[in-house]
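A.B. asks: Structure of the sequence below:
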Amino acid sequence: MDNDSLLRYNRQIMLPEIDIEGQQKLMHSHVMVIGLGGLGSPLSMYLATSGIGHLSLIDFDVVDLSNLQRQIIHDTESIGELKVESAKQRLHALNPEIKISTHSEKFTADKLEPLLEKVDVIVDCSDNFETRYALNDLACKKKIPLVSGAAIGMEGQISVFDFRKPDSPCYRCIYPEDNEVAAASCSENGVLGPVVGIIASLQALEVIKLLIGIGENLCGKLMIFDGMNSEWRTLHIKQDSHCQCAKLSAGDRE
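C.D. replies: Coordinates of the predicted model:
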């Protein structure tokens, strides 16, 4: 770590929980972000400025005027650009030291799986249940921690699924695929920008804690934010023994 890096990350290196050793872990980490929208925008900015060594950005969409109310990594001049390219330019402007890989093809499990070989944490910032289920299953298969966030209207939620732990619950344990809640797409609903910003900031925090190995993460918990009343609820969740991830984990233990 050179003098410029020491100065850039000085305020977080000063924290005893992080120190030089923790900063070096961040600088040697690889995080994959799925979705550069309302959640992925602030999340990726916080991860880049914290010094994550390698960010992989996944999003096939282009920037639209209607995005700018909440997708703060993009600006008016970005309209019409691929979101991953707009985000890459902004992130490199914030921190030219980090490596950024971009993938603008439409998400499929077959295309994504080969890209996960050296990924330390996956962050789900998508806006639809189909992608969330697919990411959940891939992360479970590869035993990569998954930080999941979502926001609709004035509400948001966040959880961590740490598939390195055999008893970790997964996204399907909270939302079985036949659940009525899974029928609607988040993109069909309105959302307030600061609400996604709050959830994204917590996602970034959970990623950093996982990478350094500090504190207590949200594995086994679902935090729900009520923005209208500024209230938080924490639900404790357990692994559903009937879900496919639990069966996969059980098979690994045999």
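
A.B. asks: got a list of what the nearest residue to Ala109 once chain neighbours are set aside touches?
C.D. replies: Among residues not flanking Ala109 along the chain, Ala134 sits closest, at 5.0 Å (C-beta to C-beta, 6 or more residues apart in numbering). All C-beta atoms are positioned from the backbone trio N, CA, C, and that covers glycine. For Ala134, the contacting residues are 107-109, 112, by C-beta atoms under 8 Å, 6 or more residues apart in numbering.

A.B. asks: Quick one: residues contacting the spatially closest residue to Phe161 that is not a sequence neighbour.
C.D. replies: Leaving out its chain neighbours, the residue that sits closest to Phe161 by C-beta to C-beta, 6+ apart is Leu146, at 4.5 Å. With contact set as C-beta under 8 Å, 6+ apart, Leu146 has these partners: 121-124, 135-136, 139, 160-163, 171.

A.B. asks: Could you list everything Leu146 pairs with in the sheet?
C.D. replies: Ile122, Phe161 (DSSP bridges).

A.B. asks: Quick check, Pro145 in contact with Leu210.
C.D. replies: Yes: counting by C-beta atoms under 8 Å, Pro145 touches Leu210, with 5.2 Å between them.

A.B. asks: what is in contact with the two at once?
C.D. replies: Joint contacts of Pro145 and Leu210 (C-beta under 8 Å, 6+ apart) are 120-121, 160, 162.

A.B. asks: so which of the residues you listed comes closest to Ile199?
C.D. replies: Ile199 has its nearest neighbour among those in Val160, at 12.8 Å by C-beta to C-beta.

A.B. asks: This structure: helices as residue ranges?
C.D. replies: 3-8, 10-13, 19-27, 40-50, 83-94, 109-112, 129-142, 171-174, 193-212, 244-253 (DSSP state H).

A.B. asks: Of the ones you listed, flag the one that's most buried.
C.D. replies: Highest mean neighbour count among the helices of the chain (mean count of other C-beta atoms under 10 Å): helix 40-50, with a mean of 24.

A.B. asks: Pull the residues that contact that one.
C.D. replies: Against helix 40-50 from outside (C-beta under 8 Å, 6+ apart): 9, 12, 26, 31, 33-34, 36, 55, 57, 59, 70-74, 87, 90-91, 94-95, 98, 100, 123, 125, 149, 196-197, 200-201, 203-204, 207-208.

A.B. asks: And stretch 196-205, by the same measure?
C.D. replies: Taking C-beta under 8 Å, 6+ apart as the rule, stretch 196-205 contacts 38-43, 46-47, 50, 70, 72, 123, 125, 147, 149-151, 156-158, 223, 225, 227.

A.B. asks: How about the contacts made by the residue lying closest to Lys25 once chain neighbours are set aside?
C.D. replies: Distance criterion C-beta to C-beta, 6+ apart; nearest residue to Lys25, sequence neighbours excluded, is Ile212 at 5.2 Å. Counting by C-beta under 8 Å, 6+ apart, Ile212 makes contact with 17-18, 22, 25-26.

A.B. asks: Please repeat the previous calculation with a cut-off of 7 Å.
C.D. replies: By C-beta atoms under 7 Å, 6 or more residues apart in numbering, the residues touching Ile212 are 18, 22, 25-26.

A.B. asks: Which single one of the residues you listed is nearest to His242?
C.D. replies: Among those, and counting by C-beta to C-beta, the member closest to His242 is Lys25, at 36.2 Å.
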